[in-house]
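Q: what follows is a predicted protein model with its sequence.
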Amino acid sequence: MTTNEVSRKDQRPPHRDWHGSHQEWGYRPQAFRWDGHKLVGINFIPLAREMRAWLKQRGQLPLLSNADLTTTGGYTNPFTFSGGSIALILARVVNAYYDYCTVPSAQDDPIDAEIERLRLYNEVVLYTARMCETTIKQLLYCTQFPESRYMKKALGQLLEAPCTTCRKENGKKPHLISLVGSLAHPFHLCLEFDHCAMDHMALGNTLRNSQAAHSGIQTLNIRTADVSKADLRSGCDEVMQGFIHMLSHLEKVEEAMLDDLAQKGAAIELLRRNGLPAEEANFRLMPGEPFHHEARAEQPPP
């Protein structure tokens, strides 16, 4: 099956009914960046927004390295760093497939062209799925969901997976949980995720699993170099269109969390400046809900 045949078959993602429940969650202290007890910022960057802007030629991608790990008050979210690296790699892959498809060459060998088509197409499929994964995990890192529930999970398991607690109980069929849906829920975005975004993510995950991540791969279909290049351009463009659409949904969750955390962070920092003792800075921060803090009542002397 050629790339063109795959893209025509999967042009519109099939809709499925998502049954993963949306769980309540709160923010944890690692949602913020700290300098001692001083809150200095939010502990993630909007990867979906930055990647989408770059693909539309509207901005530059962030550059993060090991040097930033030692910066006082810097990012400590591991998926911020891995996501930044994946974004830069994906940008190189996108440029590579575009240049290969559009720069003419009289020396193109049909076999070499077909091998290059397979290589570049599979890299596009693989890194778009990985970019979605790390974008989601970067947001989950800011929540009270245990890291074991998402740290090593693939995209499909983030969309919907059996409840680990139920799985441990003998004879009980586990219900399904959606971590992606849970992120969207408090910001009233779960409807568009259940009916659109998650279908696109599931399609991207299926393409990655069937064509790029395991031992199976498309077979060589040796034609002229021009035909292989046209096939590559069509297939990659199709994947990228779906990817940009996925990013537009993830960007909404990023923006909602950034706005929410900015408001909560400003309120917390104001309390600190007004003399709130560090031992009282143990807040219950729920997404989408106003932040309230009640000072502890002073204990009467014995």
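A: Thanks, I have it. Numbers count the residues shown, from 1 in each chain.

Q: any idea how far stretch 39-48 is from the chain center?
A: 14 Å (CA atoms, centre = their mean, to the nearest Å).

Q: report the contact partners of Phe32.
A: 39-43, 261, 265 (CB atoms under 8 Å, 6 or more residues apart in numbering). For glycine as for every other residue, the C-beta is placed from the backbone atoms N, C-alpha and C.

Q: let me fix that, I meant to ask about Tyr127.
A: 86, 89-90, 93.

Q: which of these are buried, as a ChimeraX select command?
A: ChimeraX command restricting the contacts of Tyr127 to the buried ones, with burial defined by 16 or more other CB atoms under 10 Å:
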select :86,90,93
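
Q: ok, back up a step: neighbour count and secondary structure added to the contacts of Phe32, as CSV?
A: What follows is the contacts of Phe32, written out as CSV (neighbours: other CB atoms under 10 Å; DSSP: H, G, I helix; E, B strand; the rest coil):
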residue, neighbour count, secondary structure
Leu39, 21, strand
Val40, 15, strand
Gly41, 15, strand
Ile42, 20, strand
Asn43, 21, coil
Leu261, 22, helix
Gly265, 20, helix
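
Q: between all of the residues you listed, which two are separated the most?
A: Using CB to CB, the contacts of Phe32 span at most 12.5 Å, a distance reached by Val40 and Leu261.

Q: distance of the nearest residue to Lys137 once chain neighbours are set aside relative to Ala184?
A: Closest residue in space to Lys137, ignoring its immediate chain neighbours: Phe79 at 4.5 Å, by CB to CB, 6 or more residues apart in numbering. According to CB to CB, to the nearest Å, Phe79 and Ala184 sit 18 Å apart.

Q: cool, and Asp35?
A: 31 Å.

Q: now do Asp260
A: 13 Å.

Q: neighbour count: these two, which is higher?
A: Ala184 (24 against 21; other CB atoms under 10 Å).

Q: can you pull the contacts of the more buried one?
A: Here Ala184 is in contact with 22, 190, 192-193, 253 (CB under 8 Å, 6+ apart).

Q: which one of these sits closest to Arg149?
A: When the contacts of Ala184 are compared for distance to Arg149 (CB to CB), His22 wins out at 14.2 Å.

Q: for burial, what's the neighbour tally of the closest one?
A: Count around His22 with other CB under 10 Å applied: 19.

Q: now do Ser248
A: The tally of other residues near Ser248 (other CB under 10 Å) stands at 16.

Q: so who does Gly83 touch?
A: Applying CB under 8 Å, 6+ apart, the residues near Gly83 are 45, 47, 131, 134-135, 138.

Q: now it: closest residue in space that isn't a chain neighbour?
A: Thr134 (4.0 Å).

Q: I'd say the one you found and Phe81 touch.
A: No - with contacts counted by CB atoms under 8 Å, Thr134 stays clear of Phe81, the gap being 9.5 Å.

Q: now do the shared contacts for these two.
A: With CB under 8 Å, 6+ apart, Thr134 and Phe81 have no common neighbours.

Q: just to revisit the earlier point, quick one: the residue nearest to Gly83 from Tyr127, how far?
A: For Thr134 relative to Tyr127 (CB to CB), the value is 10 Å.
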